[in-house]
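K.L.:
Fold the following.
(2 chains)
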Amino acid sequence: MIKKLLLLTSTFSLLLLTGCGQTVPELGAGGSSNITDASAITGDAVSINENSYGNESGQNSSSDGFQSIYFDFGDYGISSGMQNAVTRNVTIAGKASRKIKIEGNCDEFGTDEYNYALGLKRAKAVKDALVSQGVNGSKIVLVSFGESNPVCTSATDSCYGKNRRVDLRLIK
Amino acid sequence: MRYILFLLLSLNLFAVDATLRIETDVEHRTRIALEDGSSAVNDKFFRILQADLKISGHFLTDSNHNRGEFNSNFIAPSLKNKEYVLKYSLHQSSGTKLIIRLLKASNAAEVFKKSYAIPTTAKAPFLAHKAISDVNDALKYPSIGWINRYVIFARYTQPKQSEIILSDYTFNYQKAIIRGGLNLFPKWADAKQQSFYYTSYAGVIPTLYRLNIYSGSKSRIASSEGMIICSDVKRNGSKILVTMAPNAQPDIYEMSSSGGSKRRITTFNGIDVNGKYLNNENSIVFVSNRLGYANIFKKSIGGSGVSQVVYHGRNNNAVDASGNKIVYSSRESHNSFGNNSFNLYLMSSNSASSRPLTTTGTNQFPHFSTDGSVVQYIKHRGGSSSIGYINLKSKQSLLFPLSGRKIQSIDW
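P.N.:
Model prediction:
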């Protein structure tokens, strides 16, 4: 009786286990001997050289008598320690015969878009300060360079501080 | 009668086991070995094939660089415990030719064969990706077409100078599309990856262009004082999300792909950036400092209400979305700067809970693959940088080392 039960159970177990074993997936039609030229890969992309076009490399400080304005980490408010530099810039801007470019810059922390917006808010803070002291706002153009225009690259607090700045210059 | 009862009982018991077994098999990855039948050994190509198999999430790959006769059906005894052996032969002279044969390890039956030829050696990594995605398709696994896609990124070369590079997902293939000048924020413009948007600083104010990478034709889309960045593109390519500042105020706009019309989506007087289409592209997720620090918010495109999405972290300054899935980068340490750790988190737009995807290093620039199954990111750790991938289903991850210049922005 017991032998019969064991034999029967074993037989069914074996059948079930065989039925549940992993099967090799069926292949799609035309699975063998396909030839392709991989044409989607071969298209050759262009290569454009803009080295002689709009190259402002090296302009990483204020010029034409303006002074750079420096900011605290993550901040776009002008500190009281920067007010003398703002006053000097108001004087220079008042005498300027050409348009003034105000460039916002950041340190290397923060990621892509946010850093460019932060640079812009710093540039706008300087513009607002100049306009509030009588400079004609239509003479000013703002551009943010995010973290793309550092004056130094060493991993020190003092270097990071030099990069969190707004530069001013006359548009040539 | 007793036999019948016992038989039914046995069937029931095994039926439970069978269910469990099937579920286990769904989780099970296919054991596969690569066998190199090339006349010249190319270890780099082998590693690319191996990486492709791993990040697919569907294969458990033998780590050995096995060698064997390509045309032979002989299966080495050491590979008999695999389910498949993928034989390949790579030949490179003026171009690249690759032939693959997929054999069952148990009986050496050939179940798939294909050959590829391209007139260049530089793009050999794409042949590896194509071959593995074809093997994956032949075995009827969910598509891994994303490994065939181009990655496009901008990297700084010196102050106010950058280059925009085209690469494969492993960065083994790289070609400069634009050298010189300051050109940033490349973003694919169409599903076929024939054109991309980017921001040029060649003029007095930043200008958004679309460039066809094959014809070189360039269209001006829009300009903005301060900044202009294409952050996301609708799946059908008809509209784009742009961060721009026509009044010196960075906000998110939706614009037609030609730049002909635009509407403002956010109106905060602080910082709103990094808009990404969410759910059915009728809402966006974005980064804002409206709580005093960078954090993740969402809003419907036509509505006015803004909802906070993330409730942890001290600086959550990058986000991407795919359907209702959201991935973001979060800094939880106290330091304002220095060796902070940024980690990636995954969440659903329908839930406030999230789960970490990374636990070490600085992990930023998260991007979903086109099907949302894989996250791409940049990892900085211990003075070195890598491009990383996390398969969300299989939890497989890969890192490829990056050397040299700092990446500014990346799209996939």
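
K.L.:
quick check, B:Pro125 in a strand?
P.N.:
No. Read with DSSP: H, G, I helix; E, B strand; the rest coil, B:Pro125 is helix and lies in no strand.

K.L.:
Now the most centrally placed residue in chain A. Its backbone dihedrals?
P.N.:
Taking Cα atoms, centre = their mean as the criterion, A:Asp112 is the residue nearest the geometric centre of chain A, at 1.7 Å. When quoted as degrees, to the nearest 10, the phi and psi of A:Asp112 stand at phi -10, psi -90.

K.L.:
What pLDDT does the model give it?
P.N.:
On the pLDDT scale, A:Asp112 is placed at 83.

K.L.:
how much space is there between A:Ser63 and chain B?
P.N.:
14 Å (Cβ to the nearest Cβ, to the nearest Å). Yep, even glycine has a C-beta here, placed from its N, CA and C like the rest.

K.L.:
one step back: isn't the residue nearest to the centre of chain A right next to B:Phe185, touching?
P.N.:
Yes. Using Cβ atoms under 8 Å, A:Asp112 is in contact with B:Phe185, at 6.9 Å.

K.L.:
tell me the domain boundaries of chain B?
P.N.:
What automatic domain parsing lists as the domains of chain B is B:26-145, B:149-411.

K.L.:
residue ranges with poor pLDDT in chain A?
P.N.:
By pLDDT under 70, the low-scoring segments of chain A are A:1-40, A:42, A:52-58, A:110.

K.L.:
50 instead, please
P.N.:
Within chain A, the segments meeting pLDDT under 50 span A:6, A:8-35, A:37.

K.L.:
show me where it has helices.
P.N.:
Secondary structure of chain A, counting by DSSP state H: helices at A:2-20, A:39-42, A:83-95, A:112-132, A:157-163.

K.L.:
what helices or strands is the fourth one leaning on?
P.N.:
Spelled out, that is helix A:112-132. Judged by 3 or more Cβ pairs under 8 Å, 6 or more residues apart in numbering or on different chains; DSSP states H and E, helix A:112-132 is in contact with helix A:83-95, strand A:100-104, strand A:140-144, strand A:165-170, strand B:228-233, strand B:239-244, strand B:272-278, strand B:315-322.

K.L.:
quick one, what contacts residue 59?
P.N.:
Looking at chain A here, since you left the chain open. A:149, A:167, A:169, B:160 (Cβ atoms under 8 Å, 6 or more residues apart in numbering or on different chains).

K.L.:
wait, I meant chain B there
P.N.:
So B:Phe59 contacts B:29-32, B:53 (Cβ under 8 Å, 6+ apart).

K.L.:
Nearest residue to it in space, please, no chain neighbours.
P.N.:
Excluding its sequence neighbours, the residue lying closest to B:Phe59 (Cβ to Cβ, 6 or more residues apart in numbering or on different chains) is B:Leu53, at 4.2 Å.

K.L.:
give the contact list for that neighbour.
P.N.:
Applying Cβ under 8 Å, 6+ apart, we find B:Leu53 in contact with B:32, B:34, B:59, B:61, B:132.

K.L.:
Specify which member of the contacts of B:Phe59 is nearest to chain A.
P.N.:
Nearest to chain A among these: B:Thr30, at 8.8 Å, using Cβ to the nearest Cβ.

K.L.:
Quick check: that closest one vs B:Tyr141, distance?
P.N.:
As judged by Cβ to Cβ, to the nearest Å, B:Thr30 and B:Tyr141 stand 8 Å apart.

K.L.:
Please enumerate the shared neighbours of the two.
P.N.:
Residues touching both B:Thr30 and B:Tyr141 by Cβ under 8 Å, 6+ apart: B:His58.

K.L.:
Please identify which of these two sits among more neighbours.
P.N.:
More crowded of B:Thr30 and B:Tyr141, by other Cβ atoms under 10 Å in any protein chain shown: B:Thr30, with 20 against 17.

K.L.:
Dig out what that one forms beta bridges with.
P.N.:
Beta-bridge pairing for B:Thr30 (DSSP bridges): B:Phe59.

K.L.:
Which two of the contacts of B:Phe59 have the greatest separation?
P.N.:
Greatest spatial distance among the contacts of B:Phe59 (Cβ to Cβ): B:Arg31 and B:Leu53, at 10.7 Å.

K.L.:
Chain neighbours aside, what residue packs nearest to B:Ser394?
P.N.:
B:Gly57 (2.9 Å).

K.L.:
residues contacting B:Arg263?
P.N.:
B:253-254.

K.L.:
send the alpha carbons of the strand or helix carrying B:Arg220 over as PDB?
P.N.:
Using DSSP states H and E, B:Arg220 sits within strand B:218-223. The C-alpha trace of strand B:218-223 is given here as PDB (Å, rounded to 0.1, in the frame of the first residue of the first chain):
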ATOM      1  CA  LYS B 218      20.900  75.200 -38.100                       C
ATOM      2  CA  SER B 219      17.700  77.000 -37.100                       C
ATOM      3  CA  ARG B 220      17.500  79.900 -34.700                       C
ATOM      4  CA  ILE B 221      14.600  79.200 -32.200                       C
ATOM      5  CA  ALA B 222      14.700  82.100 -29.800                       C
ATOM      6  CA  SER B 223      17.000  84.400 -27.800                       C
END
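
K.L.:
So which bits of that strand are buried?
P.N.:
Across strand B:218-223, burial judged by 16 or more other Cβ atoms under 10 Å in any protein chain shown covers B:221-223.

K.L.:
How far off centre is it?
P.N.:
A distance of 27 Å separates the centroid of the chain from that of strand B:218-223, by Cα atoms, centre = their mean, to the nearest Å.

K.L.:
If you count contacts, what does that strand end up packed against?
P.N.:
If you count contacts as 3+ Cβ pairs under 8 Å, 6+ apart, strand B:218-223 packs onto strand B:207-212, strand B:239-244.

K.L.:
Give me whichever of those is most buried.
P.N.:
The highest mean neighbour count among the helices and strands packed on strand B:218-223, using mean count of other Cβ atoms under 10 Å in any protein chain shown, belongs to strand B:239-244: a mean of 25.
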